[in-house]
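>>> give me the fold of what follows.
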Amino acid sequence: MLTPDDRRYSSDHAWAQLSGATATAGITDHAQDELGDIVYVQLPETGSTVARGTSMGEIESVKTVSDLVSPISGTVVERNEGVLQKPDLVNSDPYGVGWLVRVEISERSELENLMSAAEYQALTEGPH
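Next up, the predicted model:
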């Protein structure tokens with residue numbers, strides 16, 4: 001599984017990548033793999049607020065429907081309209097064109113509480 005070092009990860013299998021005062025968020029490669037073929041994504045509206053650890057939408061695959069849990073708190077400044085039209089982009093490129101939202105973060109310190117790539121890999125790989 002891909003786990004890029006340039007972002008932080010939550011135990012809810014979401015990632016956040018900081019750029020200035022804005023963070024881009026999405027789900028991890030591990031999460032999309034576990035979900036299977038994604039057929040529908042519901043994202044928060046631009047201008048709405050999201051809170052770390054709470055639902056910001058839904059993602060539906062052929063197997064299940066799951067909450068999208070926000071890895072950060074703040075105001076949604078952009079949502080990925082491409083993913084709304086083609087949900088399978090999350091499967092093919094969860095860290096690139098399959099991103100979900102961009103958020104103007106309200107609590108920068110929340111990023112420090114997220115896991116590094118190595119910590120997230122240890123969580124998802126389990127004991128060896």
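>>> where does the chain dip in pLDDT?
Scanning the chain with the threshold set as pLDDT under 70 gives 126-128.
>>> now the strands: where do they sit in it?
Along the chain, counting by DSSP state E, strands occupy 8-9, 14-19, 22-27, 38-42, 49-50, 55-61, 65-69, 74-79, 101-105.
>>> first vs last residue of stretch 45-59, how far apart are they?
15 Å (CA to CA, to the nearest Å).
>>> one more: stretch 49-63?
29 Å.
>>> please apply the same query to stretch 86-106.
30 Å.
>>> which parts of that stretch are buried?
For stretch 86-106, a neighbour-count test (16 or more other CB atoms under 10 Å) marks 86-87, 89-91, 94-95, 98-103, 105 as buried. (Glycine included, C-beta is placed from N, CA and C.)
>>> which of these lies closest to Glu45?
Val101 (10.1 Å; CB to CB).
>>> quick one, what contacts the closest one?
Thr24, Ala25, Gly26, Leu43, Pro44, Val50, Met56, Val76, Glu78, Arg79, Asn80 (CB atoms under 8 Å, 6 or more residues apart in numbering).
>>> one more pass at 6 Å, please.
By CB atoms under 6 Å, 6 or more residues apart in numbering, Val101 lies in contact with Ala25, Leu43, Val76, Arg79.
>>> the spatially closest residue to Asp37 that is not a sequence neighbour and Gly82: what is the separation?
Nearest non-adjacent residue to Asp37, counting by CB to CB, 6 or more residues apart in numbering: Val62, 4.8 Å away. As judged by CB to CB, to the nearest Å, Val62 and Gly82 stand 20 Å apart.
>>> just to revisit the earlier point, mind checking the strands of the chain for the one nearest to Glu119?
Short answer: strand 8-9, nearest of the strands of the chain by CB to CB, at 7.3 Å.
>>> how far does the closest one sit from its chain's centre?
Relative to the centre of its chain, strand 8-9 is centred 9 Å away, using CA atoms, centre = their mean, to the nearest Å.
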